[in-house]
Every structure is written in C-alpha cells, then in structure tokens.
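> Sequence and predicted structure, then a few things I'm wondering about:
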Amino acid sequence: MSKVIAIANQKGGVGKTTSAINLAASMAALEYRTLVIDADPQANSTSGLGLNPKEVEVSIYECMVDGIDVTEAITETDIDYLHILPSHIDLVGAEVEMVNIERREERMRDALKLVKKDYDFIIIDCSPSLGLITINALTAADSVIIPVQCEYFALEGLGKLLNTIKIIQTRLNPELEIEGILLTMYDVRLRLSNQVVEEVKTHFQKIVFDTIIPRNIKLSESPSFGVPAIAHDAESKGALSYLNLAKEIMEKNGIS
Ligand code: ADP
Ligand code: MG
C-alpha cells in the first residue's frame, strides 16, 4: 500500500513543518519508504532535512510548472528510507504561472503517479495558505492531518479549512479523508494548553489523535542541525511523541 498524507492548516506556526519532518522520519525509522514533499516556498522542511534551498536545482516548482519528472527532483536525505522532493523560493510565483495550465489543480497528483509505488508514505508539508499549491496537495492526498497549536485562538480558521476540504472532496478528490487533528506544542503546566485540548476534543471528538505533541526544545532546535529530532536526540519527548503518532497512524490504517 501507499498512502499520501497532506499536513495542512492555513495558519502559520502551528507545527506543520515540524510534524511533516518528524512524522516522516519516524515512519522511515520504522523502515517504511517515506517521501517528504516540501510544498511551501519557505522551504523549511527542505532545510530541516539538511538541504540548502538556494542550492536546489530541480525543485517541486519545476515539477508543477514545467512538468519536469519528479524523479529528477527527489533527493536522498541522511536518514535511511527518507527522501525529499525539495522546495525553492520560486514556488511563490507558481500559482500565477499556472493560471493558464489545464487541470491545474491536479498537477501534483499527476506528477506523483510516477513514484507513488516507490513509497509506503508520502507526506506533504503545505504552506500557510489555501491557494493553488495547497489545493494541489489536498487533491493529490489520500488524507489530511490538521495540526492545531495548543494556544489562544486554536480553533480560529479551522472552519474555513474544513470547508475547503469539503469543496475538494466534492469537486476534485472524493477519496480525501481527514486522518486526524493533531494537537501540537502542548505544555502540561499551562492551564491554557489543557483548556485547548478539552475544547478541541469536545468539538471534534474521534478525529483528534490520541497522541499529543508536547512543546519540546529538541523539536525546535533540530532543524538548525538539518536533521529530524529522532536523529538529534532519539530519546527526547519530542522525537518519541512523533514516533507514537506514526504508530497510531499505522494502527488506524491496519498496518503493523
Ligand atoms: P508551520 O510549518 O505550521 O509554520 P513550524 O513547524 O515551522 O510551523 O513551527 C513553528 C515554530 O514552532 C518553529 O520555530 C518550530 O521549531 C516551533 N515548534 C513547532 N512545534 C514545536 C514543538 N512541539 N515544540 C517546540 N517548538 C515547536
Ligand atoms: Mg511550515
């Protein structure tokens, strides 16, 4: 089996990139062939996995806009079983450049057809927008993970995101499922964090993952070393929480 999971929330700073990198690295640690697609012009998951975005010659941009074969852009990382389709700042212009392309919402799905069978999991790190590239990601995906930060205004914007998902299910990708809502940056000492957990669980019930990602320094500092937390400090709470998330997803999907 091969599953494409998009990590999306149009809010910035909620933990999309951290989740993409560390969930993918956990899947790779469990020896599943995993690909991260960096679908954000900020290229944070590209640099977080050790590549210098300025030195990337063929990126997702060329695949989406010029129709270059994705195999030319996919690169190995230092982690076994983990590959990346890197991003580049050029992706900022892609939405405008794609205006006249036919079936422009399906470019990513079409591009991935070539490599889908080579991976057990493909994790797409989306940008903080609901623009054309994110629509491409949601159209290419089998499911979506929605990270929600345990902070003020946690639920803000979620209605709009869920509505966008509904529109995509109706018009472009009837198979798209919600893999789960992921609570991130949880601080056990803060009453606010606990309130957000309660609120999100009351509101969304079963679609909330049991695994909650704690606020953890190893998660925030590992990108500066160009590695996921599991390669920086495998015993850290942050690394272990994403390993638990990977296992929860395997279980939910009947994979052992
Ligand atoms: P997004 O991709 O949604 O914009 P990021 O994953 O880049 O969000 O996270 C925003 C910031 O918060 C980054 O500096 C990141 O290192 C930090 N961060 C994310 N998750 C955690 C966490 N669980 N613990 C500590 N810092 C985190
Ligand atoms: Mg990001």
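Great, that's in hand. Ligands and ions are numbered 1, 2, ... in the order given.
> what does the stretch 1-150 of the chain put close to ligand 2?
By CB under 5 Å from the ion, the residues of the stretch 1-150 of the chain that approach ligand 2 are 16-17, 44. For the C-beta atoms, the positions are set from N, CA and C on the backbone; glycine is no exception.
> among these, which are within reach of ligand 1?
Restricting these to those touching ligand 1 (CB under 6 Å from any ligand atom) yields 16-17, 44.
> With adjacent residues omitted, what lies nearest to Asp118?
Nearest in space to Asp118, with sequence neighbours left out and distances taken as CB to CB, 6 or more residues apart in numbering, is Arg33 at 6.7 Å.
> re earlier: just send the ones next to ligand 1 among the residues of the stretch 1-150 of the chain next to ligand 2 back as CSV, with pLDDT too.
Converted to CSV, these look like this (pLDDT from 0 to 100):
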residue, pLDDT
Lys16, 98
Thr17, 98
Asn44, 97
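> So which of those residues are in helices?
Mapping these onto helices (DSSP state H) picks out 16-17, 44.
> Which members of those residues are classed as buried?
Buried subset of those (neighbour count, 16 or more other CB atoms under 10 Å): 16-17, 44.
> re earlier: tell me the contacts of the residue nearest to Asp118?
For Arg33, the contacting residues are 81, 83, 118-121, by CB atoms under 8 Å, 6 or more residues apart in numbering.
> near ligand 1, which residues of this structure?
So the chain meets ligand 1 at 12-18, 44, 128, 184-185, 213, 215-216, 219-220, 238 (CB under 6 Å from any ligand atom).
> Just the ones of these in helices?
Short answer: these in helices (DSSP H) are 16-18, 44, 219-220, 238.
> where do the helices sit along the stretch 51-200 of the chain?
60-61, 94-97, 107-113, 132-140, 158-171, 191-204 (DSSP state H, counting those that start in this stretch).
> contacts for stretch 223-236?
Taking CB under 8 Å, 6+ apart as the rule, stretch 223-236 contacts 17-18, 21-22, 24-26, 29, 44, 47-51, 78-79, 216, 218-219, 221-222, 238-239, 242-243.
> gap between stretch 240-254 and the chain center?
A distance of 15 Å separates the centroid of the chain from that of stretch 240-254, by CA atoms, centre = their mean, to the nearest Å.
> neighbouring contacts of it?
By CB under 8 Å, 6+ apart, stretch 240-254 touches 1, 3, 5, 19, 22-23, 25-27, 29-30, 179-180, 182, 209-214, 216, 228-230, 256.
> Kindly recompute the last result at 6 Å.
22-23, 26-27, 209, 211, 213-214 (CB atoms under 6 Å, 6 or more residues apart in numbering).
> in it, what counts as buried?
Of the residues in stretch 240-254, those buried (16+ other CB under 10 Å) are 240-250.
> Tabulate those residues (CSV), appending secondary structure, pLDDT and distance to ligand 2.
Listed next are the buried residues of stretch 240-254 as CSV, based on DSSP: H, G, I helix; E, B strand; the rest coil; pLDDT from 0 to 100; distance: CB to the ion, whole Å:
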residue, secondary structure, pLDDT, distance to ligand 2
Leu240, helix, 98, 22
Ser241, helix, 98, 18
Tyr242, helix, 98, 15
Leu243, helix, 98, 21
Asn244, helix, 98, 22
Leu245, helix, 98, 17
Ala246, helix, 98, 19
Lys247, helix, 98, 24
Glu248, helix, 98, 22
Ile249, helix, 98, 20
Met250, helix, 97, 24
